[in-house]
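Peer 1: Sharing a model prediction with you, sequence too.
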Amino acid sequence: MKDGLGREIRYLRISVTDKCNLACAYCKPRPVKELRHSDLLTVEQLAFVAEVFVGLGVNKVRITGGEPLVRKGVAELVGQISALGCETVMTTNAVLFPQFAKKLAAAGLSRVNASLDTLDPRKYTEITGGGNLAEAVDGIRCAADCGFRLKINAVLQRGVNDDVLPLAEFAQSVGAELRFIELMPFASTTDYFEKRFLPSAEITEKYGMKFVREEGNVAYYACDAFRAGFISPLGRKFCSSCDRMRLTSTGLVLPCLHSALRFDVKPYLVDREALEKFLKECIASKPPSHNIERGELQQDDMGSIGG
Ligand code: SAM
């Protein structure tokens, strides 16, 4: 289905939990206010909303969080969603991946986006609030060994990963596509943003990378040493081609990551027709664009909305 501006909505991101086994400085600032289990939609309810979205034209569903692998029943959810015939993918920090790899493969997960900002163990621990780099690297290697199509997503941060060559070499060694994401400011993380924002353009210039092609929200660049995708919500705004909707673990539908608009799906979960009508209204209300550059910042943090 098309939104009010004619953008075809094909992509749903479901955050299955706000909980995470890491606490990245730019994502979920402390103190962490965690939800109670009873606030969350059940796996069946999440799958039902996904099913109705698929009926409206969604053909790709991303399972994310928080950390999706800490949510009980996540493999069952993957199974129910992939049974709808749409591409089912996951974004994860990969730390717990080895415990779930076989179940996720059997459930029909087709692709894994692993988040990894640095290969420096000390910096990794610092950014993630105590994480262990070796566990994330093992998880990524496990995903590669199990044959998942793999992307490595690194959030560009000044003073953390200005030298991107180690990440490029690692991504190549595990057969992953490497993508850099520009750090986005949220109301709760503006200090971090001001200190660490590193525009994509600085990296492409530093390594003499040439533009190769554009695909959706990703611009691909290459130099002799490596190639990578760049997702630049600030440097290269892609709202005019945004095709996504978000569903949070508590049942809020967000038509835009950076807007205050959110619609509670819970009253509509009992009736397919009512749910379909409600989701159509959510899609129709998708805002034209974010307005970060005008200082309009999301008040909720990324971890609770779902990255
Ligand atoms: N826990 C999972 C993970 O680490 O991939 C999934 C959730 S996490 C919120 C999803 C992605 O959002 C991660 O790649 C993370 O780096 C990214 N992210 C979080 N906060 C961000 C911010 N302020 N700007 C840009 N990307 C951000």
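Peer 2: Nice, I can see it.

Peer 1: use CA for all of it now, contacts and neighbours both
Peer 2: Noted.

Peer 1: where in the stretch 201-307 of the chain is pLDDT low?
Peer 2: Nowhere does the stretch 201-307 of the chain drop to pLDDT under 70.

Peer 1: Name the residues of it found near the ligand, please.
Peer 2: For the stretch 201-307 of the chain, the residues in contact with the ligand (C-alpha under 6 Å from any ligand atom) are M302, G303, G306, G307.

Peer 1: Does F197 touch E182 like I think?
Peer 2: Yes - the pair F197 / E182 is scored as a contact, 7.4 Å apart, by C-alpha atoms under 8 Å.

Peer 1: These two: which is more packed in?
Peer 2: E182 (22 against 18; other C-alpha atoms under 10 Å).

Peer 1: residues contacting the closest residue in space to the more buried one that isn't next to it in sequence?
Peer 2: By the measure of C-alpha to C-alpha, 6 or more residues apart in numbering, the closest residue to E182 outside its immediate chain neighbours is S232, 5.1 Å from it. Applying C-alpha atoms under 8 Å, 6 or more residues apart in numbering to S232 gives the contacts I181, E182, P199, S200, N217, V218.

Peer 1: Need the overlap of contacts for F197 and E182.
Peer 2: L156.

Peer 1: From E202, how far off is the residue nearest to E182?
Peer 2: 12 Å (C-alpha to C-alpha, to the nearest Å).

Peer 1: now P288
Peer 2: In terms of C-alpha to C-alpha, P288 sits 27 Å off from E202.

Peer 1: Neighbour count for those two, which is higher?
Peer 2: It is P288, of P288 and E202, that has more neighbours when counted by other C-alpha under 10 Å, with 15 against 11.

Peer 1: Next, the contact list for that one, please.
Peer 2: L5, C239, S240.

Peer 1: Using just helix, strand and coil, how would you label it?
Peer 2: Three-state call for P288 (DSSP: H, G, I helix; E, B strand; the rest coil): coil.

Peer 1: Look up how far N113 lies from it.
Peer 2: From P288 to N113 the distance is 27 Å (C-alpha to C-alpha).

Peer 1: ditto for D264
Peer 2: Taken as C-alpha to C-alpha, the span from D264 to N113 is 28 Å.

Peer 1: Where is the longest strand in the chain?
Peer 2: strand 149-156 (DSSP state E).

Peer 1: Show me what the helix or strand following it is in contact with.
Peer 2: Using DSSP states H and E, the next helix or strand after strand 149-156 towards the C-terminus is helix 165-173. With contacts defined as C-alpha under 8 Å, 6+ apart, helix 165-173 is touched by D117, T118, L119, I152, E177, L178, F226, R227, A228.

Peer 1: Enumerate every residue touching T125.
Peer 2: G131, N132, L133.

Peer 1: one more time with 10 Å
Peer 2: By C-alpha atoms under 10 Å, 6 or more residues apart in numbering, the contact list for T125 reads L22, A23, C24, T118, G131, N132, L133.

Peer 1: tell me which of the residues you listed is nearest to R213?
Peer 2: Closest approach between the contacts of T125 and R213, by C-alpha to C-alpha: T118, at 25.5 Å.

Peer 1: Am I right that M1 is in contact with A284?
Peer 2: Yes - with contact defined as C-alpha atoms under 10 Å, M1 and A284 form a contacting pair (9.0 Å).

Peer 1: Many thanks, we can stop here.
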